[in-house]
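Trainee: The following block contains a protein sequence and its predicted model.
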Amino acid sequence: MKTSMGCKWIQWLQCLLLDQVAARAARASFEYRRRIAAFLTCLVSDMLRLRRDYVFSALERHLALSVAEAQVMTRKVYRSFFENALEMASLPFLTAEELQGKFVAVGMEHLREAHALGRGVIIVSGHYGLWEFMPPWLCLNGFRVTTVVRRQNNPEVDAWFERMRRRFGALTTDSGFGLREILRTLRNGDILALMSDQNAGDRGYFVDFLGEPASTVTGPAQIALKSRAPIVALAAHRRGAGPHLIEILPPIRPEEFTDDESGRLQLTQHLMRIIENWVRKRPDQWFWLHRRWKSRPPAKEGSTS
């Protein structure tokens, strides 16, 4: 019982710390957040070296960087991660006007075109740039959005993220969201937001990502082909002190792919090529700390280890 109460206190303190950091980030200037990000980079990357070797190796291998280039980019990755995290954490403390002022958008006509079809829209992005801002920003611009999320282990922190993500009217559901509910969301003409750039384990398709097979979630392709809802890929590129750029690409029509495993595989690969293009242009903006290539393709028959 004591241990349970102790764990609850630790969870509560973690949430309180997160809330205080977020509140300070919302009030802080761009230069102050940069200084904090630089300090955290020194602590986490240089001193504690948390996943530093992994990030360095992944950058060197997947972007064909020299040792010196990979070392420089590794520090940029950590610094950008903390700069992005501090800015995204400010979301619960922003007004609607402040959030609107943070971004300019290109390609809004693509989202309106897809939405006008009346079949709902699946938006696909990755853990790149200022990804947490996109659903609430879309809500402020007249769309109804439900985001599929992974729950946090700490229930207090999870509740904090829930409040943050539901800011300005966005809805969330966990990854156990049933297909029936998903299809109902799309039939209502709403937007379903999915992240498709993390390791999917043995449940995913192995498609090429940055030159190596990576297990990738099949949900976007399966849902699109089942519902006939168009897919729109978008990213929130961070640009210094702002305003930041939301890039919205032309809709991908599911009828251009066959409704079978081959079609799902082709569509999944197409989505990964889009995210890969963003990562190659701005590698520091992607979440390299995630073990994207952890799962390996099953061995082919007759192969030897």
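Mentor: Great, that's in hand.
Trainee: Quick check, central residue of this structure?
Mentor: H127 (2.7 Å; C-alpha atoms, centre = their mean).
Trainee: Tell me how far the lengthiest helix in the chain lies from the chain's centre.
Mentor: Assignment by DSSP state H gives helix 2-27 as the longest helix of the chain. Centroid separation for helix 2-27 versus its chain: 23 Å, with C-alpha atoms, centre = their mean, to the nearest Å.
Trainee: ok, then the element right after it?
Mentor: Counting by DSSP states H and E, the element after helix 2-27 in chain order, helix or strand, is helix 30-41.
Trainee: and the residue nearest to the centre of the chain, what is it in contact with?
Mentor: M195, D197, Q198, W286, F287, H290 (C-beta atoms under 8 Å, 6 or more residues apart in numbering). Every residue, glycine included, has its C-beta placed from N, CA and C.
Trainee: Among these, which pair sits farthest apart?
Mentor: Using C-beta to C-beta, the contacts of H127 reach their maximum pairwise distance at M195 and W286, which is 12.1 Å.
Trainee: what is in contact with those two at once?
Mentor: By C-beta under 8 Å, 6+ apart, the residues touching both M195 and W286 are G126, H127.
Trainee: Counting neighbours, go ahead and name the busier of the two.
Mentor: W286 (24 against 21; other C-beta atoms under 10 Å).
Trainee: Quickly note the distance from that one to E212.
Mentor: Per C-beta to C-beta, to the nearest Å, W286 is found 15 Å from E212.
Trainee: Could you do F30 as well?
Mentor: Taken as C-beta to C-beta, the span from F30 to E212 is 36 Å.
Trainee: neighbour-wise, which of these two wins?
Mentor: E212 (14 against 11).
Trainee: Isn't that one up against H62?
Mentor: Yes: between E212 and H62 there is a contact under C-beta atoms under 8 Å: 6.6 Å.
Trainee: Show the residue spans covered by the strands in the stretch 151-300 of the chain.
Mentor: 171-174, 191-195, 205-209, 212-216, 231-237, 244-248 (DSSP state E, counting those that start in this stretch).
Trainee: Format those strands as a markdown table; extra columns: mean pLDDT and distance to A70.
Mentor: Listed next are these as a markdown table, based on pLDDT from 0 to 100; distance: least, C-beta to C-beta, whole Å:
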| stretch | mean pLDDT | distance to A70 |
| --- | --- | --- |
| strand 171-174 | 89 | 36 |
| strand 191-195 | 96 | 26 |
| strand 205-209 | 98 | 18 |
| strand 212-216 | 98 | 16 |
| strand 231-237 | 98 | 23 |
| strand 244-248 | 98 | 27 |
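Trainee: Of the ones you listed, which is nearest G263?
Mentor: It's strand 205-209; of these, that one is closest to G263 (C-beta to C-beta) at 11.5 Å.
Trainee: Sheet partners, orientation included, of the closest one?
Mentor: Applying DSSP bridges to the sheet, strand 205-209 is found paired with strand 212-216 (antiparallel).
Trainee: What is the distance between the strand it pairs with and the centre of its chain?
Mentor: Computed by C-alpha atoms, centre = their mean, the chain-centroid distance of strand 212-216 equals 17 Å.
Trainee: buried ones in that strand?
Mentor: For strand 212-216, burial by neighbour count (16 or more other C-beta atoms under 10 Å) applies to A214, S215, T216.
Trainee: Check the gap between the last one and S196 for me.
Mentor: Put plainly, it is T216. In terms of C-beta to C-beta, T216 sits 7 Å off from S196.
Trainee: Identify the contacts common to those two.
Mentor: Joint contacts of T216 and S196 (C-beta under 8 Å, 6+ apart) are T268, M272.
Trainee: quick one, what contacts the closest residue in space to I274 that isn't next to it in sequence?
Mentor: In this structure, I274 finds its nearest non-sequential neighbour in A233, 4.7 Å apart by C-beta to C-beta, 6 or more residues apart in numbering. If you count contacts by C-beta under 8 Å, 6+ apart, A233 has them with I123, V124, S125, I248, L249, I252, L271, I274, I275.
Trainee: Just list whatever residues bridge to L234.
Mentor: Counting by DSSP bridges, the residues bridging with L234 are I248.
Trainee: Check A105 too.
Mentor: Going by DSSP bridges, A105 forms beta bridges with I246.
Trainee: Please report the number of neighbouring residues for it.
Mentor: By the other C-beta under 10 Å criterion, the neighbourhood of A105 contains 18 residues.
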